[in-house]
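> Here's my sequence, what's the structure:
(chains A and B)
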Amino acid sequence: MTKLVGVKENLLFDYACRLGDDSLILGQRLSEWCGHAPMLEVDLSLANVGLDLIGQATHFLALAGEAEGKGRDADALAFRRDVLDFRNCLLVEQPNGDFAQTIARQFLFSNWQELLFRELGTSTNLAIAAIAQKAVKEVAYHARLANEWMVRLGDGTAESHARLASGLDWMWRFSDELFEVDAAIEPLIASGVACDIRKLRPEWDGIVARVLRDATLDLPKPRRATVGGRSGHHSEHLGHLLTEMQFLQRAYPDAKW
Amino acid sequence: MTKNWPLWEVFIRAKNGLSHRHAGSVHAADAKMALEAARDTYTRRMEGVSLWVVPSAAIVASDPGDAAELFEPAADKVYRHPTFYVIPEGVKNI
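Next up is the predicted model:
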């Protein structure tokens, strides 16, 4: 793997964990729908999105393991870290709720992730660039699917509209965190490894406003942003998710098929 | 009002140059969502490069009861099969 010039490897480890954990945790959340979605077609589409995300996580966490240099691979990072060591944003760990709430979360996240990966496609870290170039095509579809569902549910029946408005209201407070930049990222932005996500906010706001207009939904009222995921301060939901996701490796370490 | 969304028939073109072939069907509320459901249901394993969806209600089907008059007369017209030609080497799809 290419060594980075002028970037401390633990920063790269941290950044790769953020990227990987976002995808991993949302992938796990979506997999909870498997066998429970309202229609077979929806079941498959959510599972497809979840699998795409878990694939991305595998690449990013493998990169994190290499950057760390302590012999941990993607599986070790996914299944042997405890909740405080996860670096995903709070949005992705939020409960599925009903289908509308799941779609609201996907809508906010996938439109953000598409912009992020578009920019990371030109990262000076060639591994990140390669993963982002592959993943941006997957994510463009996730965003498209979520945007279509936003319009169908928002401009659907009175009940679907109300459920979506309430799901969006729940998820909205976690959107500011997506655009947060902290001291751990600044050097990576300077060296062109990370992208300055703050610059993408106006474009994201524009997409969100357009879809919400088509979905006949009001932009949720501004509320105090809930942050902390990037430094390991998670909501209560992540621990419960991990107990399920990590059960096998914790109960039977190194179990093999 | 029925509980299910309308049914759509899905056709996939496996690669450029081939025609679209029927793959199955999906339920969806409208054409756009039918296309996405078809993508998610039938192209997970690189099955194709192009998709068509058609409302199942728009398909006009032959009556199975008419099968005798429609199809059986072809049974003894063996000369209609292009089996008396030598297929040039290197032709993959014919």
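> which residues does the residue nearest the centre of chain B contact?
For chain B, residue B:22 is the residue whose C-alpha lies nearest the centre (CA atoms, centre = their mean; 2.2 Å). Going by CB atoms under 8 Å, 6 or more residues apart in numbering or on different chains, residue B:22 touches B:9, B:10, B:11. For every residue, glycine as well, the C-beta is placed using N, CA and C.
> So what sits opposite it in the bridge?
Following DSSP bridges, residue B:22 is listed with bridge partners residue B:11.
> measure it to residue B:13 for me?
12 Å (CB to CB, to the nearest Å).
> ok, back up a step: residue A:31: which of the contacts of residue B:22 is nearest?
Set against residue A:31, the nearest of these by CB to CB is residue B:10 (24.9 Å).
> so what's the closest one up against?
Contacts for residue B:10 (CB under 8 Å, 6+ apart) come out as B:22, B:23, B:24, B:25, B:26, B:34, B:38, B:41, B:42, B:51, B:52, B:53.
> Any residue of the helix or strand where residue A:13 lies touching chain B?
Taking DSSP states H and E as the criterion, residue A:13 maps to helix A:9-31. No - figure legend: helix A:9-31 not in contact with chain B (CB under 8 Å from any CB of the partner chain); closest approach 12.6 Å.
> That helix - what's its average pLDDT?
For helix A:9-31, mean pLDDT rounds to 96.
> Buried residues, that helix. List them.
Residues of helix A:9-31 classed as buried: A:11-31 (neighbour count, 16 or more other CB atoms under 10 Å in any protein chain shown).
> Could you tell me which residues of chain B lie near chain A?
With CB under 8 Å from any CB as the criterion, chain B meets chain A at residues B:5, B:26-30, B:32-33, B:36-37, B:39-41, B:44.
> Look up how far chain B lies from residue A:247.
Distance of residue A:247 to chain B, computed by CB to the nearest CB, to the nearest Å: 27 Å.
> if we can go back for a sec, buried among the contacts of residue B:10? Need that as a selection in PyMOL.
Here is the PyMOL selection string for the buried members of those, based on 16+ other CB under 10 Å:
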select buried, chain B and resi 23+25+26+34+38+41+42+51+52+53
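> Reformat the contacts of residue B:10 as JSON lines; add distance to residue B:69.
Output for the contacts of residue B:10, formatted as JSON lines (distance: CB to CB, whole Å):
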{"residue": "B:22", "distance to residue B:69": "24"}
{"residue": "B:23", "distance to residue B:69": "30"}
{"residue": "B:24", "distance to residue B:69": "29"}
{"residue": "B:25", "distance to residue B:69": "28"}
{"residue": "B:26", "distance to residue B:69": "33"}
{"residue": "B:34", "distance to residue B:69": "35"}
{"residue": "B:38", "distance to residue B:69": "35"}
{"residue": "B:41", "distance to residue B:69": "36"}
{"residue": "B:42", "distance to residue B:69": "34"}
{"residue": "B:51", "distance to residue B:69": "35"}
{"residue": "B:52", "distance to residue B:69": "30"}
{"residue": "B:53", "distance to residue B:69": "32"}
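> wait, which of the contacts of residue B:10 is closest to residue A:91?
Closest approach to residue A:91 among the contacts of residue B:10 (CB to CB): residue B:41, at 27.8 Å.
> So for that closest one, what's the pLDDT?
Residue B:41 is given a pLDDT of 94.
> surely it meets residue A:42?
No - in this structure residue B:41 lies outside contact range of residue A:42 using CB atoms under 8 Å: 10.4 Å.
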